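K.L.:
Could you look at this predicted model? Sequence included:
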Amino acid sequence: MITRIGTVAEMRIVSESYRNQGKRIGFVPTMGALHEGHLSLVRIARERTDAVVVSVFVNPLQFGKGEDFDRYPRNLERDAALLERCGTDILFCPREEDMYAVGHCTYIDVERLSSVLEGEHRPGHFRGVTTVVAQLFNIVRPHVAVFGQKDAQQAVIIRQMIRDLHYDIEMIVAPIVREADGLAMSSRNAYLAPSERTAALSISRGLRKAEEMYRTGEKDAQVLARTVEREILSERDMRIDYVAVVNPETLVEVTIASGAMIAVAARVGNTRLIDNTLLGQESAEK
Ligand code: AMP
C-alpha cells in the first residue's frame, strides 16, 4: 500500500524512521501527470533501494511569467494509482505554503550551467528547480535520487549542486523513455492537438537523422545541428528555440561532435518541447 504524506513534518518523521531501521531511501521528484518516463525512474529506485519516495509538487518557482503553471496537468488520484502499481512506498505532496512559507527568501543558484540553453530561454527556471530540489533533499533525506535524461541540463545542474553543497546522495540519470513513434514522453504532450503532435515528431526524427549521420562518420557539430534544424523546420508549425551541440557535462558548445549531446527546444502552438540525444551511445530507448 502506498502512503500519502502531505506535510513536511510527517515526511521528516517517516524518513528518520526508515533511516533508523537501516533502510536505504530512493527518491524521485516529479511535478505529477505521470507517464512511463516517470515510472521508469521509480522502477530504478525500487531496484536500488528499500523505500521509494516520490514527490508530486508543481513548483511555482520554476515557471516564468506567462508559462503554463495554471494549466499544468494535475491528476493526483491517477498518479497515486500508477505509483502504487510500481511499488512506491510514499507519495509526498507538500503544500505550497510549506515549501514557500511567508517570508521565504533563500534560493539556490547553480551559476554558469543555469545560464545557457534552457536558462537563456527560461530565466529563473533553474533557480526554481534547484531551490525546490534542495528543499526536497533536506526533507526526504534520500540515499539515492533518480532523474531523467529527458531534462539533461537539469540533471547536470543537480549533479553540480549535489557536489557543491555536499549532499550525501547518489544520483542516477535514467534514459529517455519515448512513445512508440519516437516522441519523448512528457506531461506537456497532453497539450498537443493531433496535428501538433504529428509536427512535434520532427524533433525526434531530426535527432535520429543526426545520430545516423554521426554513426556513419559525420563529426562536424554544425552540420549535425543544421540537419536537426532542417528536419524540424520541414514542419510548418514548428518554431526552434535552439538546437545546440554541447559537451554533456559542461554544456559548452563544441565544434567536433564526438561524445557530445545534441539538445533541442522547440515550440508548436503554445507548447514548448525539449529533447536530446547523446551521440555515440546506443540504448534500447532510441
Ligand atoms: P517532471 O515531472 O517533468 O518534473 O519530471 C520529473 C522527472 O521525470 C525528471 O527527472 C524528468 O527528467 C523525468 N522524466 C520526464 N520525462 C521523462 C522521459 N520521457 N524519460 C525519462 N525521464 C523522464
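P.N.:
In hand now; what should we look at? Only a predicted model underlies this, so the values are computations on that prediction, with no experimental measurement involved.
K.L.:
in the protein, which spans are helices?
P.N.:
Using DSSP state H, the helices of the chain run over residues 8-20, 36-48, 76-85, 96-99, 118-121, 125-140, 152-164, 194-215, 221-233.
K.L.:
Would you tell me which of the ones you listed gets closest to residue 2?
P.N.:
helix 76-85 (4.2 Å; CB to CB). Glycine gets a C-beta too; all of them are placed from N, C-alpha and C.
K.L.:
With distance to the ligand and mean neighbour count as added columns, please give the helices of the chain in a markdown table.
P.N.:
Compiled in a markdown table, these are given as follows (distance: least, CB to the nearest ligand atom, whole Å; neighbours: other CB atoms under 10 Å):
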| stretch | distance to the ligand | mean neighbour count |
| --- | --- | --- |
| helix 8-20 | 18 | 15 |
| helix 36-48 | 2 | 20 |
| helix 76-85 | 10 | 15 |
| helix 96-99 | 15 | 14 |
| helix 118-121 | 12 | 18 |
| helix 125-140 | 8 | 21 |
| helix 152-164 | 6 | 20 |
| helix 194-215 | 11 | 19 |
| helix 221-233 | 18 | 19 |
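K.L.:
okay, those in a markdown table with distance to residue 247 next?
P.N.:
Formatted as a markdown table, the helices of the chain follow (distance: least, CB to CB, whole Å):
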| stretch | distance to residue 247 |
| --- | --- |
| helix 8-20 | 36 |
| helix 36-48 | 24 |
| helix 76-85 | 35 |
| helix 96-99 | 33 |
| helix 118-121 | 16 |
| helix 125-140 | 18 |
| helix 152-164 | 10 |
| helix 194-215 | 15 |
| helix 221-233 | 10 |
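K.L.:
could these go into JSON lines alongside mean pLDDT and distance to residue 111?
P.N.:
Output for those, formatted as JSON lines (pLDDT from 0 to 100; distance: least, CB to CB, whole Å):
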{"stretch": "helix 8-20", "mean pLDDT": "98", "distance to residue 111": "28"}
{"stretch": "helix 36-48", "mean pLDDT": "98", "distance to residue 111": "27"}
{"stretch": "helix 76-85", "mean pLDDT": "98", "distance to residue 111": "33"}
{"stretch": "helix 96-99", "mean pLDDT": "98", "distance to residue 111": "23"}
{"stretch": "helix 118-121", "mean pLDDT": "98", "distance to residue 111": "10"}
{"stretch": "helix 125-140", "mean pLDDT": "99", "distance to residue 111": "10"}
{"stretch": "helix 152-164", "mean pLDDT": "98", "distance to residue 111": "9"}
{"stretch": "helix 194-215", "mean pLDDT": "98", "distance to residue 111": "29"}
{"stretch": "helix 221-233", "mean pLDDT": "98", "distance to residue 111": "25"}
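K.L.:
between these, which gets nearest to residue 281?
P.N.:
helix 194-215 (9.3 Å).
K.L.:
and the nearest residue in space to residue 106 that is not next to it in sequence, what is it in contact with?
P.N.:
Distance criterion CB to CB, 6 or more residues apart in numbering; nearest residue to residue 106, sequence neighbours excluded, is residue 131 at 7.6 Å. Residue 131 makes contacts with 61, 106-108, as judged by CB atoms under 8 Å, 6 or more residues apart in numbering.
K.L.:
Alright, that wraps it up for me.
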